[in-house]
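Student: coords below, sequence missing:
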């Protein structure tokens with residue numbers, strides 16, 4: 001299982017950090033971050049990929 005930091009998620013999705021925070025706050029289907037320390041949150045790459053796939057399916 002691979003984990004992505006916020007900057008990695010932004011690069012993968014092609015969005016800014018502000019856009020990432022907006023998605024986290026407004027889209028209940030977006031995967032929740034996992035806290036690994038007080039100041040570090042990561043996302044499971046598999047969950048991000050599934051979210052992207054589900055958005056692509058809805059767009060069709």
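Tutor: Sure thing, it's come through. The structure displayed is predicted, hence computed values, not measured ones. Numbering: from 1, shown residues only.
Student: CA only for contacts and neighbour counts going forward, please
Tutor: Noted.
Student: buried set for stretch 47-54?
Tutor: By neighbour count with 16 or more other C-alpha atoms under 10 Å, stretch 47-54 contains the buried residues residue 48.
Student: residues making contact with that stretch?
Tutor: 9, 29, 30, 31 (C-alpha atoms under 8 Å, 6 or more residues apart in numbering).
Student: just how off-centre is that stretch within its chain?
Tutor: 9 Å (C-alpha atoms, centre = their mean, to the nearest Å).
Student: what do you get for stretch 13-29?
Tutor: Using C-alpha atoms, centre = their mean, the offset of stretch 13-29 from its chain centre is 7 Å.
Student: cool, and stretch 41-51?
Tutor: For stretch 41-51, the distance to the chain centre is 6 Å (C-alpha atoms, centre = their mean).
Student: cool, stretch 25-34 as well?
Tutor: Counting by C-alpha atoms, centre = their mean, stretch 25-34 is centred 7 Å from the centre of its parent chain.
Student: same deal with stretch 23-37?
Tutor: So, by C-alpha atoms, centre = their mean, the centroid of stretch 23-37 is 7 Å from its chain's centroid.
Student: Could I get the full set of helices for the protein?
Tutor: For the chain, applying DSSP state H gives helices covering 6-13, 17-26, 45-59.
Student: same for the first one, what does it pack against?
Tutor: The elements that helix 6-13 packs onto, with contact taken as 3 or more C-alpha pairs under 8 Å, 6 or more residues apart in numbering; DSSP states H and E, are helix 17-26, strand 41-44.
Student: got it, and the second one?
Tutor: Taking 3+ C-alpha pairs under 8 Å, 6+ apart as contact, the helices and strands that helix 17-26 lies on are helix 6-13.
Student: Quick one: mean pLDDT for the helix it packs on?
Tutor: In this model, helix 6-13 has an average pLDDT of 97.
Student: repeat for stretch 50-60
Tutor: So the average pLDDT for stretch 50-60 ends up being 86.
Student: again with stretch 38-45
Tutor: Here the average pLDDT along stretch 38-45 is 95.
Student: now the contacts of stretch 47-54 as CSV including neighbour count and distance to residue 2?
Tutor: Formatted as CSV, the contacts of stretch 47-54 follow (neighbours: other C-alpha atoms under 10 Å; distance: C-alpha to C-alpha, whole Å):
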residue, neighbour count, distance to residue 2
9, 20, 12
29, 11, 20
30, 16, 17
31, 18, 14
